[in-house]
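Asks: sequence and predicted structure, then a few things I'm wondering about:
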There are 2 protein chains.
Amino acid sequence: MAFDTEHEPGVAPKPPAETAGFRLNHTMLRVKDPQRSLDYYSRVFGMRLLRKLDFPEMQFSLYFLAKLDDGEQPPEDVAERTQWTFSQRGILELTHNWGSEEKTDFSYHDGNAEPQGFGHICFAVPDLDAAVRWFDSNDVDYVKRPEQGKMKNVAFVKDPDGYWIEIVEPARLGKLGQS
Amino acid sequence: MAFDTEHEPGVAPKPPAETAGFRLNHTMLRVKDPQRSLDYYSRVFGMRLLRKLDFPEMQFSLYFLAKLDDGEQPPEDVAERTQWTFSQRGILELTHNWGSEEKTDFSYHDGNAEPQGFGHICFAVPDLDAAVRWFDSNDVDYVKRPEQGKMKNVAFVKDPDGYWIEIVEPARLGKLGQS
């Protein structure tokens, strides 16, 4: 196969054999208050909490969440489910440093204010209008509603720590970048 | 199904119907020099560049990469491939603000130095020892080699902008969190 992107400067001609089986598994974000974040991601985005890992010696906990498709069934057995979790794509890992939820003046950095770096995570949704109605009924904060700005087919909402979440409907994006 | 994590404070009892079809599609990171980042992610991690989107008016470009499994075949047609790209899990989006590669004193923030926020992305690999040999043969920088620190089954490498990439072998992690 040959993509139109194949000759972009820097791009290797084909994936080296040594990278066979590599998978982009997860993205880790630190969160101030896990109860609030778990409510948000499990209720507003329908994610399931697959595993919680506690590290009492280092005073932190890790929460691994996935948005499962209908019928997708992770193993019930904990060890198998841990292995399954680390074998998927599209996992969200939330890190809670114990006690951060008690600190009144504390917040994490969203990566979009200075100093910039990380930008956002993105959810694909089957129907952007229905998703916006759902977010509105859940009082979700927006960075940009679909009707704001230049890109009418894209919304950005904020999670409880202020991290940006892009919302797209793939069927509306086919023409993107083709003028 | 009932996970051991189901009664964690904050977790919704089940995914709301309104979230059916939602998928965690991508994570966006800003990069200083796309040629260097494309070389790194396509060569060292075997990712394919699925789409490049240029926004001349706003002076930036977006690069969407995926680590495909053997036999996975995205559409050749550009519009179909764009739609396919936004329908997947585990996509990496790199944002290049034009000209950043020319700025000698410029760098992005990795989220792990202060102010903290975003932590890392993670690749699952089928064989951690083989992956470490591969990274070593490519002169990849480490945050932590597997043998360093407490977690011997986990490595962290750095991408060209200093973003952390965790490396795990799922089969070694089944016991994690079960002492």
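Replies: Everything's here; your move.
Asks: contacts only, for the residue nearest the centre of chain A.
Replies: With distances taken as CA atoms, centre = their mean, the residue of chain A nearest its centroid is A:I121 (4.3 Å). Neighbour list for A:I121: A:27, A:29, A:92, A:163-166, B:24, B:26-28 [criterion: CB atoms under 8 Å, 6 or more residues apart in numbering or on different chains]. Backbone N, C-alpha and C define where each C-beta goes, glycine included.
Asks: dump stretch A:60-76 to PDB, restricted to CA.
Replies: This file holds the C-alpha atoms of stretch A:60-76, laid out as PDB (Å, rounded to 0.1, in the frame of the first residue of the first chain):
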ATOM      1  CA  PHE A  60      -0.500   7.100  44.600                       C
ATOM      2  CA  SER A  61      -3.200   5.100  42.800                       C
ATOM      3  CA  LEU A  62      -3.600   4.400  39.100                       C
ATOM      4  CA  TYR A  63      -7.000   4.000  37.400                       C
ATOM      5  CA  PHE A  64      -7.200   2.300  34.000                       C
ATOM      6  CA  LEU A  65     -10.400   3.100  32.000                       C
ATOM      7  CA  ALA A  66     -11.700   2.000  28.600                       C
ATOM      8  CA  LYS A  67     -14.600   2.900  26.500                       C
ATOM      9  CA  LEU A  68     -15.800  -0.500  25.400                       C
ATOM     10  CA  ASP A  69     -17.800  -1.300  22.300                       C
ATOM     11  CA  ASP A  70     -21.100  -3.100  22.600                       C
ATOM     12  CA  GLY A  71     -20.400  -6.700  23.400                       C
ATOM     13  CA  GLU A  72     -16.700  -6.200  24.200                       C
ATOM     14  CA  GLN A  73     -16.100  -8.300  27.300                       C
ATOM     15  CA  PRO A  74     -12.800  -8.000  29.300                       C
ATOM     16  CA  PRO A  75     -11.900 -11.000  31.400                       C
ATOM     17  CA  GLU A  76     -13.400 -11.200  34.900                       C
END
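Asks: tell me how far it lies from the chain's centre.
Replies: 13 Å (CA atoms, centre = their mean, to the nearest Å).
Asks: again, but for stretch A:44-62
Replies: From the chain centre to the centre of stretch A:44-62 is a distance of 15 Å (CA atoms, centre = their mean).
Asks: ok, which stretches of chain A are helices?
Replies: A:34-39, A:78-85, A:128-137 (DSSP state H).
Asks: tell me which other helices or strands the shortest one touches.
Replies: With contacts defined as 3 or more CB pairs under 8 Å, 6 or more residues apart in numbering or on different chains; DSSP states H and E, the secondary structure elements packing on helix A:34-39 are strand A:60-66, strand A:91-97.
Asks: under the pLDDT cut-off, which ranges of chain A? List them.
Replies: A:1-2, A:179 (pLDDT under 70).
Asks: strands of that one, start to end?
Replies: Here chain A has its strands, by DSSP state E, at A:23-30, A:48-55, A:60-66, A:91-97, A:118-124, A:142-144, A:154-158, A:164-168.
Asks: tell me the domain boundaries of chain A?
Replies: A:24-68+A:77-99, A:119-173 (automatic domain parsing).
Asks: which of these is buried the deepest?
Replies: Ranked by mean neighbour count, the domains of chain A are led by domain A:24-68+A:77-99 with a mean of 20 (mean count of other CB atoms under 10 Å in any protein chain shown).
Asks: now do the same end-to-end measure for it.
Replies: Its start and end residues considered, domain A:24-68+A:77-99 measures 30 Å (CA to CA, to the nearest Å).
Asks: same question for stretch A:124-141.
Replies: 18 Å.
Asks: likewise for stretch A:147-164?
Replies: 17 Å.
Asks: ok, now which ones touch A:G10?
Replies: A:G10 makes contacts with B:34-39, B:42, as judged by CB under 8 Å, 6+ apart.
Asks: try it again at 6 Å.
Replies: B:35, B:38-39 (CB atoms under 6 Å, 6 or more residues apart in numbering or on different chains).
Asks: again with A:R51
Replies: When contacts are counted by CB under 6 Å, 6+ apart, A:R51 touches A:64, A:82, A:85.
Asks: of those, closest to A:D129?
Replies: Nearest to A:D129 out of these is A:F64 (CB to CB; 30.8 Å).
Asks: ok, the closest one to A:T95 distance?
Replies: Relative to A:T95, A:F64 is positioned 10 Å away (CB to CB, to the nearest Å).
Asks: ok, A:P56 next?
Replies: The gap separating A:P56 from A:T95 is 15 Å, by CB to CB.
Asks: before we move on, back to that, between the contacts of A:R51, which is nearest chain B?
Replies: A:T82 (5.4 Å; CB to the nearest CB).
Asks: so what's A:S100 closest to, chain neighbours aside?
Replies: Nearest residue to A:S100 in three dimensions, chain neighbours excluded: A:K32, at 4.8 Å (CB to CB, 6 or more residues apart in numbering or on different chains).
Asks: contacts only, for that neighbour.
Replies: So A:K32 contacts A:100-101, A:161 (CB under 6 Å, 6+ apart).
Asks: now do A:Y142
Replies: Counting by CB under 6 Å, 6+ apart, A:Y142 touches A:V157.
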